[in-house]
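J.: coords please:
(one chain, ligands or ions: 1)
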Amino acid sequence: MTERIALYPGSFDPITRGHMDILERACLIFDRVVIGVLQNPSKSPLFTTDERVELIRQSLDGNPGVEVGTFAGLTVDYAKSVGAVAIVRGLRVTSDFENEFQMTLMNRRLNPDIHTVFLMTSFSNVFISSSIIKEVFRLGGAIDDTVPPAAAEAMRRKFAGQNAGERG
Ligand code: PNS
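T.: Reported below is the predicted structural model:
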């Protein structure tokens, strides 16, 4: 039987427990999941592409069904290049829907053979997003239960470096 591969694309700046939740669910459905980290300089990410990939790898716990790659350009083109039959996206709140719906229809127009599968996080992860976590952390709030340990450590290091830079 042919292997069913899914692409889980995103910015992952940084990876959160919400992402991990979606990934675990995707692994139950697909034989292999490729996490595609978008190289997106326009979004001025906190972590470089290499750092984001490394944080994902450290959080994966050696799961043999998951690979991590990076891409620039269209998600459907990357999906095709890794042999994916589906794109996996997480849905949290209804406000996610509009943008996801638009992206799905555009992706389908670009490549009708690649389907988008939406998975929902557990209730405890509904409020988690990378951007809100970065804001909370910047303002001194606790984030340890929202990101994998490697990401929490990396955020502490990154912000300590930034603050030292601002002072110096
Ligand atoms: O984690 P994010 O930032 O919500 O992920 C968004 C992502 C990477 C899935 C989206 O921006 C994307 O697919 N970008 C690649 C460019 C592309 O294919 N655009 C057309 C889809 S509408």
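
J.: for T16, see how far away V37 is.
T.: Distance, V37 to T16, by CB to CB, to the nearest Å: 14 Å. For glycine as for every other residue, the C-beta is placed from the backbone atoms N, C-alpha and C.

J.: now do R109
T.: With CB to CB as the criterion, R109 and T16 are 30 Å apart.

J.: pick out whichever of the two has more residues nearby.
T.: More neighbours surround T16 than the other of R109 and T16, with 25 against 9 (other CB atoms under 10 Å).

J.: surely that one is in contact with A151?
T.: Yes - contact criterion CB atoms under 8 Å: T16 and A151 qualify, at 7.3 Å.

J.: how about the helix or strand hosting F118: buried residues?
T.: Assigned by DSSP states H and E, F118 belongs to strand 115-120. Under the neighbour-count criterion of 16 or more other CB atoms under 10 Å, strand 115-120 has T116, V117, L119 buried.

J.: ok, now stretch 121-132?
T.: Residues of stretch 121-132 classed as buried: T121, N125, I128, S129, S130 (neighbour count, 16+ other CB under 10 Å).

J.: which of these fall within strands?
T.: Counting by DSSP state E, these place none of their members in strands.

J.: contact partners of the longest helix anywhere in the chain?
T.: Counting residues, the longest helix found in the chain (DSSP state H) is helix 149-167. For helix 149-167, the external contacting residues (CB atoms under 8 Å, 6 or more residues apart in numbering) are 14-16, 46-47, 51, 55, 58-59, 134, 137-138, 143-144, 147.

J.: in the residues you listed, find the pair that's most separated.
T.: Q58 and R138 (22.2 Å; CB to CB).

J.: contacts only, for S59.
T.: I15, M20, P148, P149, A150, A151.

J.: just the element for it, please.
T.: Per DSSP H and E: helix 49-60 holds S59.
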